[in-house]
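# okay, predicted coordinates and the sequence, questions at the end:
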Amino acid sequence: MNATELSKIRAEGPLIHNITNYVVMNTTANALLALGASPVMAHAVDEVEAMAGLARALVINIGTLSAAWVDAMHKAARVASERGIPVVLDPVGCGATAYRTDTALSLIRTARPTLIRGNASEIRALVRSGSATKGVDSVHTPDQVRDDAVALSRSLGCTLSISGPVDLIVGGDRVASVANGHPMMARVTGMGCTASAVSGAFLAVSDSPFDAAVEAMATVGIAGELAAEIAHGPGSFQMHFLDALARLEDSDIARRRKVAAA
Amino acid sequence: MNATELSKIRAEGPLIHNITNYVVMNTTANALLALGASPVMAHAVDEVEAMAGLARALVINIGTLSAAWVDAMHKAARVASERGIPVVLDPVGCGATAYRTDTALSLIRTARPTLIRGNASEIRALVRSGSATKGVDSVHTPDQVRDDAVALSRSLGCTLSISGPVDLIVGGDRVASVANGHPMMARVTGMGCTASAVSGAFLAVSDSPFDAAVEAMATVGIAGELAAEIAHGPGSFQMHFLDALARLEDSDIARRRKVAAA
Amino acid sequence: MNATELSKIRAEGPLIHNITNYVVMNTTANALLALGASPVMAHAVDEVEAMAGLARALVINIGTLSAAWVDAMHKAARVASERGIPVVLDPVGCGATAYRTDTALSLIRTARPTLIRGNASEIRALVRSGSATKGVDSVHTPDQVRDDAVALSRSLGCTLSISGPVDLIVGGDRVASVANGHPMMARVTGMGCTASAVSGAFLAVSDSPFDAAVEAMATVGIAGELAAEIAHGPGSFQMHFLDALARLEDSDIARRRKVAAA
């Protein structure tokens, strides 16, 4: 991974298939477009296999579930896995209800995600039953779930990307922290979902899921920092965030990224 | 109720469970976040009871209905009622189609909402069959449906909050009017739904549904006034509205609110 | 058709019934409101016939399909056709999956749309089986599918509006091109869907679907040009676009429109 991943996304415009929640469909599609990727949102059982087969990454987000959508998620993930298309799973609200936890665990078993991206409480709930989250917000920090994350990454053979004030990315024996971002990001709905979608775009153009996950979190965090500098609140922040994603240069990212082996 | 309700929302960040329409999920989640509350959007029959049980208010909005969602609304409302969690019902488009009117009336019977918040034509349609609305827009003023509202409030034992150029809040024998707001608010989709969601947040931290409803309408109206002062159209209005909600001080609300016993 | 169509929309506020995709429900509702029309989003099988019967145009958009929605689209379209209410069909992603192509063709047969508005790859896929699109983005220009469009328009007796760098509108023997617009419009999700919704509003107040389609594409394109002049990226573009739609004067449109018989 080097500073050219963003350039690759812009040059190649990879098609990213999203099966995501209603709340963020518009904003994550716009984030992918701003970044330079080509998003498609499709969830019908009758077409997800065909669509997943066309895509360069599949992003599954369980933010607003229902039974038919879970079927579609399984179908799409199976096609993606068979064809070596990277799969990102965002277990939104995992731990808040048994339905979400069960669905996330079931998707992990059958979808074999390349990357699981969530907040600390969600990741904790994947490892420990009976864990609690507050709706879709985290009550833990990434550092508090570090051991759980390392164990989960090793047992599943996948990368974990855990967002928080300092993000933690875990890939087997490799651990990195990303300290980019701004508190304003927690005042806008779907910033985590956006990080998952953006991670899909980086996975699409990268050979290393771990490096792609790190780069994605740094990119989202830096765009958030740039937006927060000129925002007057969460409304203008959203607008500036999309503008920043579209205007980011590789050099901005290289210069501002606060990534450390952790 | 005093000027500290907004501070309570920000200090406590109450979890507000929304079963709402697709059009406004993103914007009402963002309004609740801007206000300082913690929104969760969940509609699956398999989890609404668990989610409603975690929340401090439940907001049901029938803006885009289908059968499975109506089931989920009933389930969530039953849990909320049993546990004393306040329930807000927004009967969007009630009167436009028989399906919406029937669904709203059925939810009122089983969900026993603490607060019904709608426009004047919607409230009228709850009382009088054969009433008409224009899609989801009102063709009546709150004042024109005052008698209906008082009768409905008394028969149901709930509070009514009716939005319009001058909002009318009715709680049994108490009636108040709120004259905050701006005509630009009618040029943005989901401002009524936002008022319902915000009302849920105020109900979550208040002992008086009537006072909470008044405070919610004043807060939304004042944020709208502040946004309209600097907006160049409905696009920038939306952005400034969220910024204003996040930046509002109790003192702004106390100073600008135009609430009168009506 | 003359420069007063926009004034008619603002004066009459026609109710536009949209059965559209989750990604753009909010943004197309806001575009219709900014324009001066009155949008309603409704998809329940139990109410679409009632709602379509109240509307002055029906806009069907297949961007995020599932079986229940397709049923609702057919029901609504039948009512609209019987009552002479114009129907716009946006075959989003047609050609990307067989499910979308089949659904679009089936809707064309039963719904008899007044106007089909899509990108060039989608239109091509309606005529030629085995055609390809990249997710929901076009890989063809309108000019490349001109012959297909003329043939399709004649065989169906409907108008086609094909968006691209230069839009092409085809109505039997009449062909016009609209050269308004800006590349930034491709960096925001749902601009095509917005054009379809806006086309519905122009059809609602016009006797000529061809002229309405031309005027709609010029209006959207000009609003896009005005927004792009002051935008710093796709986030601010969206905001300025809605502001521009709301502030457009007939004289702006008359002065800036680049429409030619093509």
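Perfect, thanks for sending it. Numbering: from 1, shown residues only, chains lettered A, B, ... in the order given.
# name the helix or strand for whichever residue of the stretch 51-200 of chain A sits closest to chain C, please.
Residue nearest to chain C within the stretch 51-200 of chain A: residue A:51 (5.7 Å; C-beta to the nearest C-beta). Just so you know, the C-beta spots here come from the backbone N, C-alpha and C atoms, and that holds for glycine as well. Under the criterion of DSSP states H and E, residue A:51 resides in helix A:48-54.
# re earlier: wait, doesn't the residue of the stretch 51-200 of chain A closest to chain C sit right on residue A:19?
No - applying C-beta atoms under 8 Å as the test, residue A:51 and residue A:19 come out as separate, 9.1 Å apart.
# so between those two, which is more surrounded?
residue A:51 (27 against 24; other C-beta atoms under 10 Å in any protein chain shown).
# residues in contact with that one?
Residues in contact with residue A:51 (C-beta atoms under 8 Å, 6 or more residues apart in numbering or on different chains) are A:17, A:40, A:42, A:76, C:96, C:97, C:135.
# the third one: neighbour count?
In this case it means residue A:42. Around residue A:42 there are 30 residues (other C-beta under 10 Å).
# for it, which non-adjacent residue is closest in space?
residue A:51 (4.5 Å; C-beta to C-beta, 6 or more residues apart in numbering or on different chains).
# separation between the one you found and chain B?
20 Å (C-beta to the nearest C-beta, to the nearest Å).
# ok, now residue A:28?
Taken as C-beta to the nearest C-beta, the span from residue A:28 to chain B is 10 Å.
# show me what the helix or strand containing that residue is packed against.
Taking DSSP H and E as the criterion, residue A:28 maps to helix A:25-35. Packing partners of helix A:25-35 (3 or more C-beta pairs under 8 Å, 6 or more residues apart in numbering or on different chains; DSSP states H and E): helix A:5-12, strand A:15-19, strand A:38-41, helix A:191-204, helix A:234-247, helix C:234-247.
# how about 7 Å then?
strand A:38-41, helix A:191-204, helix A:234-247, helix C:234-247 (3 or more C-beta pairs under 7 Å, 6 or more residues apart in numbering or on different chains; DSSP states H and E).
# the second one vs helix A:5-12, what angle?
So the one you mean is helix A:191-204. 70 degrees (axes from the mean of the first three to the mean of the last three C-alpha atoms, to 10 degrees).
# which helices and strands does the helix or strand that comes right after helix A:191-204 pack with?
Next along the chain after helix A:191-204, taking DSSP H and E as the criterion, comes helix A:209-230. Applying 3+ C-beta pairs under 7 Å, 6+ apart, one finds that helix A:209-230 makes contact with strand A:159-163, strand A:167-171, strand A:174-178, helix A:191-204, helix A:234-247, helix A:250-256.
# returning to what we had before: CA atoms only: put the helix holding residue A:28 into PDB for me.
C-alpha atoms of helix A:25-35 as PDB (Å, rounded to 0.1, in the frame of the first residue of the first chain):
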ATOM      1  CA  MET A  25     -28.100   4.700   1.600                       C
ATOM      2  CA  ASN A  26     -28.000   8.200   0.200                       C
ATOM      3  CA  THR A  27     -25.100   9.400   2.200                       C
ATOM      4  CA  THR A  28     -22.900   6.400   1.600                       C
ATOM      5  CA  ALA A  29     -23.600   6.400  -2.100                       C
ATOM      6  CA  ASN A  30     -22.600  10.100  -2.100                       C
ATOM      7  CA  ALA A  31     -19.400   9.400  -0.100                       C
ATOM      8  CA  LEU A  32     -18.400   6.700  -2.600                       C
ATOM      9  CA  LEU A  33     -19.100   9.000  -5.500                       C
ATOM     10  CA  ALA A  34     -17.200  11.800  -3.900                       C
ATOM     11  CA  LEU A  35     -14.300   9.500  -3.400                       C
END
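# and the angle for that helix with helix A:234-247?
40 degrees.
# and the contacts of the lowest-mean-pLDDT helix or strand in chain A?
Ranked by mean pLDDT, DSSP states H and E, the weakest helix or strand in chain A is helix A:250-256, scoring a mean of 88. Defining contact as C-beta atoms under 7 Å, 6 or more residues apart in numbering or on different chains, one finds that helix A:250-256 is touched by A:3, A:4, A:6, A:7, A:180, A:218, A:219, A:222, A:225.
# how many neighbours does the closest residue in space to the fourth one that isn't next to it in sequence have?
Meaning residue A:7. Excluding the flanking residues, the one nearest residue A:7 by C-beta to C-beta, 6+ apart is residue A:250, at 5.8 Å. Residues lying near residue A:250 (other C-beta under 10 Å) number 16.
# separation between residue A:250 and residue B:177?
The gap separating residue A:250 from residue B:177 is 57 Å, by C-beta to C-beta, to the nearest Å.
# show the average pLDDT along stretch A:93-104.
Computed over stretch A:93-104, the mean pLDDT rounds to 93.
# list the contacts of it.
A:62-63, A:65, A:70, A:91, A:118, A:121-122, A:124-126, A:131-133, A:135-136, B:40, B:44, B:46-47, B:50-51, B:54.
# so how far is that stretch off the chain centroid?
17 Å (C-alpha atoms, centre = their mean, to the nearest Å).
# straight-line length of that stretch, end to end?
10 Å (C-alpha to C-alpha, to the nearest Å).
# before we move on, the earlier item: now which of the contacts of helix A:250-256 would you call buried?
Neighbour counting with 16 or more other C-beta atoms under 10 Å in any protein chain shown marks A:6, A:180, A:218, A:219, A:222, A:225 as buried within those.
# quick one: pLDDT of the second one?
Looking back up the chat, that one is residue A:180. Looking at residue A:180, its pLDDT stands at 97.
# could you list every residue that touches it?
Contacts for residue A:180 (C-beta under 7 Å, 6+ apart) come out as A:218, A:221, A:222, A:225, A:256, A:257, A:258.
# does the first one touch residue A:260 like I think?
What that stands for is residue A:218. No - Residue A:218 is not in contact with residue A:260 according to C-beta atoms under 7 Å; the separation is 11.1 Å.
# follow-up on the earlier one: state the pair within the contacts of helix A:250-256 that is farthest apart.
Pairwise distances across the contacts of helix A:250-256 (C-beta to C-beta) peak at 21.4 Å, for the pair A:4 and A:225.
# show me the helices in the stretch 51-200 of chain A, by range?
Secondary structure of the stretch 51-200 of chain A (DSSP state H, counting those that start in this stretch): helices located at A:67-83, A:98-111, A:120-127, A:146-156, A:191-204.
# between the ones you listed, which gets nearest to residue C:107?
Minimum separation from residue C:107 across the helices of the stretch 51-200 of chain A (C-beta to C-beta) falls at helix A:67-83, 20.9 Å.
# by contact count, what packs against that closest one?
Using 3+ C-beta pairs under 7 Å, 6+ apart, helix A:67-83 sits against strand A:15-19, helix A:48-54, strand A:57-61, strand A:87-90, helix A:98-111.
# quick one: name the residues of chain A near chain B.
Within reach of chain B by C-beta under 7 Å from any C-beta of the partner chain, chain A has these residues: A:22-24, A:26-27, A:64-66, A:93, A:96-100, A:134-137, A:187-189, A:232-236, A:239.
# that older thread, just the contacts of helix A:250-256 now: which is nearest chain B?
residue A:225 (18.2 Å).
# skipping adjacent residues, who's closest to the residue nearest the centre of chain A in space?
Per C-alpha atoms, centre = their mean, the C-alpha nearest to the average position across chain A is that of residue A:196, at 1.5 Å. Counting by C-beta to C-beta, 6+ apart, residue A:196 lies nearest to residue A:90, which is 3.9 Å off, once chain neighbours are set aside.
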